[in-house]
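Student: one predicted model, sequence on top.
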Amino acid sequence: MNEQENIQDVVMYWIGKAKESLDSAYDEMTADRLSFSVNRIYYACFYVISALLLQKGLKFKKHSGVRSAFHQHLVKSGMISNKHGILYDELYEARQRGDYIELINFEREQVENWYNQAKDFTETVISIITKNIQST
């Protein structure tokens, strides 16, 4: 297996993880475990962004590195819309609050909104990844 094939395998792995995270986010939201749902919503977006960045030859060890590269290489270039850039930042901050700050509660309506936006976000990014694969 050559390096390009290995990268494609990892890209597909992250796409699978993103889909699993969205499914889990929905299950957590349905069970009214909103903080866990927010975590999974964020990770769905994180995984597809990590996949797209890896496809572009970029790999990071920290969430902050992925976030910075996401804006620098994908949003500023116009590959990803500003609305998705804003969503990613909201989810990043919400996940931080939900995971590390005590007594945080999320409103169901907001979580449902984030979930629906994240579905669009992940579908958009997966579409870009797929087009990149087909053009190589």
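Tutor: Received it, and whenever you're ready, just let me know what you need.
Student: mind checking how far K17 is from N113?
Tutor: 23 Å (Cβ to Cβ, to the nearest Å). Bear in mind the C-beta positions are built from the backbone N, C-alpha and C, glycine included.
Student: which residue is nearest the centroid of this structure?
Tutor: Centroid check for the chain by Cα atoms, centre = their mean gives C45 as the closest residue, at 0.9 Å.
Student: in which helix or strand would I find that residue?
Tutor: helix 34-55 (DSSP states H and E).
Student: that older thread, neighbour count for K17 and N113, which is higher?
Tutor: When K17 and N113 are compared for neighbours, K17 comes out ahead with 17 against 13, by other Cβ atoms under 10 Å.
Student: tell me the contacts of the residue nearest to the centre of the chain?
Tutor: 18, 87-88, 91, 118, 121-122, 125 (Cβ atoms under 8 Å, 6 or more residues apart in numbering).
Student: repeat the analysis, applying 10 Å as the threshold.
Tutor: Under the criterion of Cβ atoms under 10 Å, 6 or more residues apart in numbering, the neighbours of C45 are 18, 21-22, 66, 70, 84, 87-88, 91-92, 95, 114, 117-118, 121-122, 125.
Student: neighbours of N39, just the number please.
Tutor: Neighbour tally, N39, other Cβ under 10 Å: 20.
Student: surely it touches M29?
Tutor: No. Using Cβ atoms under 10 Å, N39 makes no contact with M29, being 11.1 Å away.
Student: how about the backbone phi and psi for E102?
Tutor: phi -70, psi 150 (degrees, to the nearest 10).
Student: where are the low-confidence patches of this protein?
Tutor: Where the chain drops to pLDDT under 70, the residues are 1-2, 136.
Student: what do you get if the cut-off is 80, keeping everything else the same?
Tutor: 1-5, 136 (pLDDT under 80).
Student: show me where it has its helices.
Tutor: 3-30, 34-55, 63-69, 82-100, 108-134 (DSSP state H).
Student: closest to V75 out of these?
Tutor: Across the helices of the chain, V75 has its closest neighbour in helix 82-100 (3.9 Å, Cβ to Cβ).
Student: mind listing what's buried along the closest one?
Tutor: 84-85, 87-88, 90-92, 94-95, 98 (16 or more other Cβ atoms under 10 Å).
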